[in-house]
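*Asks:* Predicted model, plus sequence, below.
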Amino acid sequence: MIIVEKTKEIKGEVSVPPSKSYTHRTVICASLANGVSEIINPLNSEDCLSSLRGGISLGAQGDINNNKSLSKWIIEGNNNSPKTPDNVIDVGNSGTTLRILTGISSQIPKGYAILTGDNSIIRRPMGPLLDGLNQLGIEAFSSKMDGTAPIVVKGGKIKNNTVKIKGDISSQFITSLMMTLPFSEEDSKIILKTPLKSAPYLNITIDVLKRFGISIKVLREDDAYGQYINYNNPCNNDTYGNNIGNNNNIKEIGFFIEGNQKYKPCNYTVEGDYSSASYLIAAGVLLNSEITIKNLFKDSKQGDKEIINIVKEMGAEIEVKKDRVVINGPYSLRGISIDVKNIPDLVPTIAVLGCFAKGRTEIYNGEHVRYKECDRLNACRVELNKMGGKITEKPDGLIIEGVGKLKGAKLNTYHDHRLVMAFTIAGLRAEGRTIIEGEDAVKISFPNFIGVMRSIGVNIRDNA
């Protein structure tokens, strides 16, 4: 457990961990390439090591034991020819690994791949991805026949060239298809049946794939011309979002993937993670602070970069530079309404900020937030209300009435790393002692979280 006491001020310079989203994708792409790749500044977390181990299970070469202590991972790919694994692929707690490798493992030459994980993973939804793979002629199914892991995938060629899939459950399903379809002998299309949520994660996927030699085109179908039109940025409002639905000429949104593409080796430097930075940013705006957060790039494609705009709109006058953020808090925050369609991982951080803001903070368009490591909407309401919060749960979000102060409490984090870190920030302003269970979960995305927080003066300790 973690014990957090009220903290008066924080000072210092810190670097945020490397991006988990980028590390997952670069490691898996490298494991497929026809040569040796160097992944520089990878995130040495349990989730990302699951992707590394998974790639090795499918025929890549890499030294896991040495990699744990290095700032560089050296991976020799399987030459675009995934091998039949010798054993079950255990992804631990990594939903990203499970979903991407479910698609990739279909390209083994013979036999079956079986993928499973911990108690949280075997409850995570996989149905839309399994259905999508089945549409492509790939045999993939839940061993329990309920759309959850363990997942069984039979090796074989991709037989069909169009897949239709929902876009409002998890963008990881789309990422899996994007990374699998280059193996098809024919050109193929992914068509979205519902509006896409978490779209910036697909920007990351497309960005990484390009570096490893794979081209993905973003498409829409226009009845007036009956042809597909290419867009450069999949996150523009005229490509995704409500504006598309207002144009009666536009029927579907999707992606075009050329067949017979090959993964090529790449030396890739992983940028800092805005999701992890959100906790440091929240601490900075809530407390008396003089902190500089390094390794945050202003031009990042990460959707969670939106945390900068959120705290600014709430009233925090933070300074954003090319590769760092400077905060001199505290700031008087005001409640705002926030669409979390593209930023589901920021919800716990926003919920904590809302408790200390004046007025009402509303989180909406977040039905998919319920399908993360736990139901984060419910968890934020239940646990923060234990501290004296005033949070109401909606089907797609939360309504948070600012109470100005919280009291210490014993909190359950449901083995969710983002809840551990967000609730820690709540404890910094709470009266009395806050006890947070599930400390080990931070290893998933921010392994040295406690050490970093201590380095800037946070009153925190573990295993008391």
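*Replies:* Structure received. Remember, predicted model here, so these are calculated numbers, not experimental data.

*Asks:* Let me know whether residue 302 touches residue 274 as I believe.
*Replies:* Yes - contact criterion C-beta atoms under 8 Å: residue 302 and residue 274 qualify, at 4.7 Å. Bear in mind the C-beta positions are built from the backbone N, C-alpha and C, glycine included.

*Asks:* What are the buried residues along stretch 85-104?
*Replies:* For stretch 85-104, burial by neighbour count (16 or more other C-beta atoms under 10 Å) applies to 85, 89-104.

*Asks:* Rounded mean pLDDT for it, please.
*Replies:* If you average the pLDDT over stretch 85-104, you get 97.

*Asks:* what does stretch 23-43 give?
*Replies:* Regarding stretch 23-43, the rounded mean pLDDT is 96.

*Asks:* Stretch 193-211 too?
*Replies:* Rounded mean pLDDT across stretch 193-211 is 91.

*Asks:* For it, buried residues please.
*Replies:* 195-206, 208-209.

*Asks:* Stretch 109-128 too?
*Replies:* For stretch 109-128, burial by neighbour count (16+ other C-beta under 10 Å) applies to 113-117, 120-122, 124-126, 128.

*Asks:* now swap in stretch 406-415 and tell me
*Replies:* Buried residues in stretch 406-415 (16+ other C-beta under 10 Å): 406, 408-409, 411-415.

*Asks:* Next, the distance between the ends of it.
*Replies:* Start-to-end span of stretch 406-415 (C-alpha to C-alpha, to the nearest Å) is 23 Å.

*Asks:* quick check: mean pLDDT across that stretch?
*Replies:* Average pLDDT, stretch 406-415: 96.

*Asks:* ok so, going back, overlap of the contact sets of residue 302 and residue 274?
*Replies:* residue 19 (C-beta atoms under 8 Å, 6 or more residues apart in numbering).

*Asks:* Just give the number of residues close to residue 27.
*Replies:* By other C-beta atoms under 10 Å, 31 other residues sit near residue 27.

*Asks:* Apologies, that question was intended for residue 330.
*Replies:* Neighbours around residue 330, by other C-beta under 10 Å: 16.

*Asks:* Over to residue 289?
*Replies:* For residue 289, the neighbour count with other C-beta under 10 Å is 22.

*Asks:* and if you look at residue 281?
*Replies:* Using other C-beta under 10 Å, residue 281 has 26 other residues around it.

*Asks:* Would you mind giving the secondary structure of it?
*Replies:* Judged by DSSP: H, G, I helix; E, B strand; the rest coil, the three-state class of residue 281 is helix.

*Asks:* on that earlier part again, now, which of the buried residues of stretch 109-128 sits nearest residue 332?
*Replies:* If you rank those by distance to residue 332 using C-beta to C-beta, residue 120 comes first, at 37.8 Å.

*Asks:* distance of the closest one from residue 418?
*Replies:* According to C-beta to C-beta, to the nearest Å, residue 120 and residue 418 sit 13 Å apart.

*Asks:* if I look at these two, which residues touch both of them?
*Replies:* residue 373.

*Asks:* Return the subset of the buried residues of stretch 109-128 lying in strands.
*Replies:* Among those, the ones falling in strands (DSSP state E) are 113-116.

*Asks:* okay, the buried residues of stretch 406-415 in JSON lines with distance to residue 338 next?
*Replies:* Shown next, in JSON lines, are the buried residues of stretch 406-415 (distance: C-beta to C-beta, whole Å):
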{"residue": "406", "distance to residue 338": "20"}
{"residue": "408", "distance to residue 338": "27"}
{"residue": "409", "distance to residue 338": "25"}
{"residue": "411", "distance to residue 338": "23"}
{"residue": "412", "distance to residue 338": "25"}
{"residue": "413", "distance to residue 338": "22"}
{"residue": "414", "distance to residue 338": "22"}
{"residue": "415", "distance to residue 338": "26"}
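
*Asks:* Show me which pair in the residues you listed is furthest apart.
*Replies:* The span of those, defined through C-beta to C-beta, is set by 406 and 415 at 22.6 Å.

*Asks:* Any idea which helix or strand in the chain has the lowest mean pLDDT?
*Replies:* helix 242-245 (a mean of 33; mean pLDDT, DSSP states H and E).

*Asks:* Quick check: bridge partners of residue 76?
*Replies:* On the basis of DSSP bridges, residue 76 is bridged to residue 36, residue 61.

*Asks:* separation between it and residue 334?
*Replies:* Using C-beta to C-beta, one obtains 53 Å as the distance from residue 76 to residue 334.

*Asks:* Specify which residue of the two has the higher count of neighbours.
*Replies:* Set residue 76 next to residue 334 and count neighbours by other C-beta under 10 Å: residue 76 wins out with 18 against 14.

*Asks:* right, and the more buried one touches residue 59 too?
*Replies:* No - at 9.6 Å, residue 76 does not count as touching residue 59 under the criterion of C-beta under 8 Å.

*Asks:* Farthest-apart pair in the buried residues of stretch 109-128, please.
*Replies:* For the buried residues of stretch 109-128, with distances taken as C-beta to C-beta, the pair at the greatest spread is 113 and 120 (20.7 Å).

*Asks:* Spit out the contact partners of residue 455.
*Replies:* Residue 455 sits next to 12, 14 when contact means C-beta under 8 Å, 6+ apart.

*Asks:* Apply 10 Å and report the result again.
*Replies:* 10-14, 448 (C-beta atoms under 10 Å, 6 or more residues apart in numbering).

*Asks:* Please determine how far it is located from residue 280.
*Replies:* Taken as C-beta to C-beta, the span from residue 455 to residue 280 is 11 Å.

*Asks:* shared neighbours, the two?
*Replies:* Common contacts of residue 455 and residue 280, defined by C-beta under 10 Å, 6+ apart, comprise 10, 14.

*Asks:* Tell me, domain by domain, which residues of this protein belong where.
*Replies:* With domains defined by automatic domain parsing, the chain comprises 2-14+273-462, 84-258.

*Asks:* which of those domains sits most buried?
*Replies:* For these, the largest average neighbour count (mean count of other C-beta atoms under 10 Å) is found in domain 2-14+273-462, namely a mean of 21.

*Asks:* got the end-to-end distance for that one?
*Replies:* End-to-end distance of domain 2-14+273-462: 4 Å, with C-alpha to C-alpha as the criterion.

*Asks:* What of stretch 303-318?
*Replies:* End-to-end for stretch 303-318, by C-alpha to C-alpha: 19 Å.

*Asks:* Please state the mean pLDDT value computed over that stretch.
*Replies:* Rounded mean pLDDT across stretch 303-318 is 97.

*Asks:* Stretch 60-69 now?
*Replies:* 69.

*Asks:* beta partners for residue 151?
*Replies:* Beta-bridge partners recorded for residue 151 (DSSP bridges): residue 115, residue 142.
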